[in-house]
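In: no sequence on this one, just coordinates:
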């Protein structure tokens, strides 16, 4: 057997006779056959036979795979290529294809040296891309002063990806992986997102000499992205360590940018800026006199007073920020927040996760520390409530049937349950020992009337939103127009006594709901109640010599809650201990609801005035509305 090629261009592999040219002549058993691009697999066993046997086997093999048509031969095949790969989708020759190429540049800060770096990158790619013969310049996308650890706030990056999805870009050129992303997940996700486009969009990392259109690039890209992320993590830890060292040495800068009333004084200090300080002083005076934050913002805009940024637009939020800022009373509170992760840069309120630092008298104050403390208490209140009293102080009744009780304001929210307990202790109210007068009735039990009460029984219902006095309660003191609600934080009792409209804690005495969100918050905290439940307490009515008072024992209450198994309908429930005994011991009942004290006292003194608890006095004279108006006029005409 021999093989003859037209151009004598053929090769014989281990098990194959193949011509690399367009025609081949094969002579088997003295017969010549002609075929284009001939390739014939030769079984290994044929090579071990003698010449004649080998020719015979090859002849049969040849005829099995080819048919004769005239002078030529054709292979018997069903599968054939009808179209080659389009150059558009052929990634192997990306360097030779005509591509629309854009560049991406980023710097992590807006400092001058970084801005210059960004300009240099832009100039480089404006010259570099057009020099490549098969590249068409498609623009530059940039992000200035934004970290690469997240793509969330990188508008230039996002615009570039959208342009790729719109089919406007074929290739992105970036200096290096760290400029593209310092987050492994963001980097690989974006690369994959671009590669599955039709046609795929590649990324060429210039310094790394890596193109995502090439096979195997993902392995190297993952490694480089991991190193970039690790570098950011190490830098983050270094910054955290540096901050701790700065705070410990007290060499920390005090930011005065966008802080009205102050300017920077040296590297670490601040000093008062007079014109801005006048505005801050006016804001505090207006707020302490009872003006809301919205009203203050409107007054400042009416007076055309500028903000820290120089504009004339004021918002309630901006007013709140000034009122909450301790820097205006000369103090400096550091590490109010911290960064949760170097990848997300999410700031979270620091409630103990990091060290907190507070320095008093750090710089000259615009307002006193007492004024700032009072402001914080008022900010925690519901100033929109019709019952809000901005002059409220924690006071304790020191004698009479209501000794130890604290008059409450429905809307004042500056204090929590612990403050009221502390006020009661600090007041050191004298107590009377009346145990001997009840010794003869020990062993007697009082039947729980709550088990037999109906919807018309005098009671109060407390929810997280407010308080409802039912018609039964109102009927106990029919001729009363206004009442004052008092709390005994130690005995867990509420009391209702008559008052007049001159009392700034007064509420109308009529049935229906009363908005008392802040009072309810204190009661729920004091009693450790479930926030979504409602509590009903039966009234204990006292009357003597035209003196009337109603007590509500918070320790003895029914509760209602929504039951999902019952279609979300309210379910009435009682404490389990009520069912374990028929009643409660009479001496304990007499002491808790103050009936024994009522019997002991000759005069109840229900209208006894309370006195300010030690440590809870305001400490300065609150400005009046009239004084606030005068301040406004002074600012209007530039006086003072």
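Out: Perfect, I can see it now. No experiment lies behind these values; they were computed from the predicted model shown. Numbering: from 1, shown residues only.
In: Give me the below-cutoff pLDDT ranges for the stretch 151-300 of the chain.
Out: Segments of the stretch 151-300 of the chain classed as low confidence (criterion: pLDDT under 70) are 232, 236-243, 245-253.
In: hmm, 90 instead?
Out: 151-155, 175-193, 195-200, 206-259, 263-271 (pLDDT under 90).
In: quick one: the helices in it?
Out: 155-165, 177-180, 184-195, 217-249, 274-288, 293-302 (DSSP state H, counting those that start in this stretch).
In: shaky segments in the stretch 1-150 of the chain?
Out: Looking along the stretch 1-150 of the chain with the criterion set at pLDDT under 90, you get 1-99, 105-125, 127, 131-134, 142-150.
In: Can you point out the buried residues in stretch 482-498?
Out: Residues of stretch 482-498 classed as buried: 482-489, 491-498 (neighbour count, 16 or more other Cβ atoms under 10 Å). Just so you know, the C-beta spots here come from the backbone N, C-alpha and C atoms, and that holds for glycine as well.
In: Closest to residue 596 out of these?
Out: Proximity of these to residue 596 (Cβ to Cβ) peaks at residue 491, which lies at 12.6 Å.
In: ok so that closest one is a helix residue?
Out: No - under DSSP: H, G, I helix; E, B strand; the rest coil, residue 491 sits outside any helix and is assigned coil.
In: Tell me who's in contact with residue 313.
Out: Counting by Cβ atoms under 8 Å, 6 or more residues apart in numbering, residue 313 touches 301, 307.
In: pretty sure it belongs to a strand, no?
Out: No - counting by three-state DSSP, residue 313 is not part of a strand but coil.
In: can you tell me how far it sits from residue 107?
Out: 31 Å (Cβ to Cβ, to the nearest Å).
In: Check residue 152 too.
Out: For residue 152, the distance to residue 107 - Cβ to Cβ - is 17 Å.
In: Mind checking which of these two has more residues around it?
Out: The residue with more neighbours, out of residue 152 and residue 107, is residue 107; 21 against 12, by other Cβ atoms under 10 Å.
In: Tell me the bridge partners for the more buried one.
Out: Using DSSP bridges, the bridge partners assigned to residue 107 are residue 144.
In: That one is in contact with residue 156, isn't it?
Out: No - counting by Cβ atoms under 8 Å, residue 107 sits too far from residue 156 to count as a contact (11.1 Å).
In: Please enumerate the shared neighbours of those two.
Out: Joint contacts of residue 107 and residue 156 (Cβ under 8 Å, 6+ apart) are residue 143.
In: where's whichever strand or helix holds residue 320 relative to the chain centroid, distance-wise?
Out: Remark: residue 320 resides in helix 316-324, with elements defined by DSSP states H and E. Its chain's C-alpha centre and that of helix 316-324 lie 20 Å apart, by Cα atoms, centre = their mean, to the nearest Å.
In: now it against helix 293-302, angle please.
Out: Put simply, helix 316-324 runs at 100 degrees to helix 293-302, going by axes from the mean of the first three to the mean of the last three Cα atoms, to 10 degrees.
In: Which segments of the protein make up each domain?
Out: 2-75, 91-231, 262-368, 395-612 (automatic domain parsing).
In: Quick one, which of the ones you listed gets closest to residue 381.
Out: Among the domains of the chain, if distance is taken as Cβ to Cβ, the winner is domain 395-612, at 4.4 Å.
In: First-to-last residue distance for the closest one?
Out: 4 Å (Cα to Cα, to the nearest Å).
In: Mind checking the pLDDT average for it?
Out: If you average the pLDDT over domain 395-612, you get 83.
In: what about it, distance to the chain center?
Out: 39 Å.
In: so who does residue 307 touch?
Out: Counted by Cβ under 8 Å, 6+ apart, residue 307 has contacts 260, 313, 314, 318.
In: That one falls within a strand, correct?
Out: No - assignment of residue 307 by three-state DSSP gives coil, placing it outside any strand.
In: give the contact list for residue 509.
Out: Contacts of residue 509 (Cβ under 8 Å, 6+ apart): 469, 474, 477, 480, 481, 482, 483.
In: what sits against residue 501?
Out: Contacts of residue 501 (Cβ under 8 Å, 6+ apart): 481, 482.
In: middle-most residue in the protein, spatially?
Out: residue 348 (7.2 Å; Cα atoms, centre = their mean).
In: Sticking with that one, tell me its helix or strand.
Out: strand 347-349.
In: The next helix or strand after that strand pairs with which strands?
Out: Later in the chain than strand 347-349, the nearest helix or strand by DSSP H and E is strand 357-359. For strand 357-359, the paired strands and their directions (DSSP bridges) are strand 332-334 (antiparallel).
In: In the partner strand, which residues are buried?
Out: So, applying 16+ other Cβ under 10 Å, buried residues of strand 332-334: 332, 334.
In: Repeat that for stretch 514-527.
Out: So, applying 16+ other Cβ under 10 Å, buried residues of stretch 514-527: 514, 515, 516, 517, 518, 519, 520, 521, 522, 523, 524, 526.
In: Any idea what the second one is bridged to?
Out: Meaning residue 515. As for beta bridges, residue 515 partners with residue 466 under DSSP bridges.
In: tell me the contacts of it?
Out: 382, 385, 386, 387, 410, 411, 465, 466.
In: Tabulate the residues you listed in a markdown table, adding columns for neighbour count.
Out: Shown next, in a markdown table, are the contacts of residue 515 (neighbours: other Cβ atoms under 10 Å):
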| residue | neighbour count |
| --- | --- |
| 382 | 19 |
| 385 | 19 |
| 386 | 11 |
| 387 | 20 |
| 410 | 24 |
| 411 | 22 |
| 465 | 13 |
| 466 | 18 |
